[in-house]
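A.B. asks: dropping a prediction and its sequence here:
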Amino acid sequence: MKRFLITALALAFVLAYGSTVYALPAPVEKFKGGLKDVLISPLEIKDHTFSEVKASTIKPLGLVGGLIKGSGFMIKKAVSGAVDVATFPLK
C-alpha cells in the first residue's frame with residue numbers, strides 16, 4: 001500500500017509539473033499578471049480615496065466616497081486576478 005501511494009504521488013507530481021502547458025509563455029504571463037493583480041488590489045482603495053478627496057469640495061464626503069469606490073475596484077481587481085490565476089493554463 002505504501003509503495004502504491006508513493007508511486008501515485010510521484011506520477012501526480014510528474015503529470016502536474018511536466019505538462020507542456022507550463023512551458024508556453026502566454027499561460028505564465030497570465031499567471032504572473034493575475035498574481036500581481038491579486039497582490040496589488042488593496043492599493044486601489046488608496047488610489048481612489050486620494051483622487052476622490054482631491055476632487056471633492058466636501059472632504060469627508062470625498063473620503064467616504066473614495067473608500068466605497070476604492071473597495072469596489074479592489075474587489076473587482078482581486079476577483080479578476082484570482083480568475084486569471086485559477087485558469088492560467090486555459091486560453
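C.D. replies: Cool, the structure landed.
A.B. asks: who touches stretch 27-44?
C.D. replies: With contact meaning C-beta atoms under 8 Å, 6 or more residues apart in numbering, stretch 27-44 is reached by 21-22, 70, 73-75, 77-78, 80-85, 87-89. Just so you know, the C-beta spots here come from the backbone N, C-alpha and C atoms, and that holds for glycine as well.
A.B. asks: quick one: buried residues of it?
C.D. replies: 27, 30, 31, 34, 37, 38, 41, 44 (16 or more other C-beta atoms under 10 Å).
A.B. asks: tell me where the protein has strands.
C.D. replies: Assigned strands in the chain: none (criterion: DSSP state E).
A.B. asks: shaky segments in this structure?
C.D. replies: Along the chain, segments meeting pLDDT under 70 span 11-24.
A.B. asks: show me what the biggest helix by length in the chain is packed up against.
C.D. replies: Criterion DSSP state H: the longest helix present in the chain is helix 59-86. Packing partners of helix 59-86 (3 or more C-beta pairs under 8 Å, 6 or more residues apart in numbering; DSSP states H and E): helix 25-40, helix 43-55.
A.B. asks: helix 43-55 and that helix, what's the angle between them?
C.D. replies: Interaxial angle, helix 59-86 versus helix 43-55 (axes from the mean of the first three to the mean of the last three C-alpha atoms, to 10 degrees): 150 degrees.
A.B. asks: distance of residue 26 from residue 67?
C.D. replies: 36 Å (C-beta to C-beta, to the nearest Å).
A.B. asks: those two: which is more packed in?
C.D. replies: The neighbour count for residue 26 versus residue 67, taken as other C-beta atoms under 10 Å, is higher for residue 67 (16 against 11).
A.B. asks: surely that one touches residue 47?
C.D. replies: No - Residue 67 is not in contact with residue 47 according to C-beta atoms under 8 Å; the separation is 11.7 Å.
A.B. asks: using a markdown table, lay out the helices and strands packed on helix 59-86 together with distance to residue 61.
C.D. replies: As requested, the helices and strands packed on helix 59-86 are exported to a markdown table (distance: least, C-beta to C-beta, whole Å):
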| stretch | distance to residue 61 |
| --- | --- |
| helix 25-40 | 27 |
| helix 43-55 | 9 |
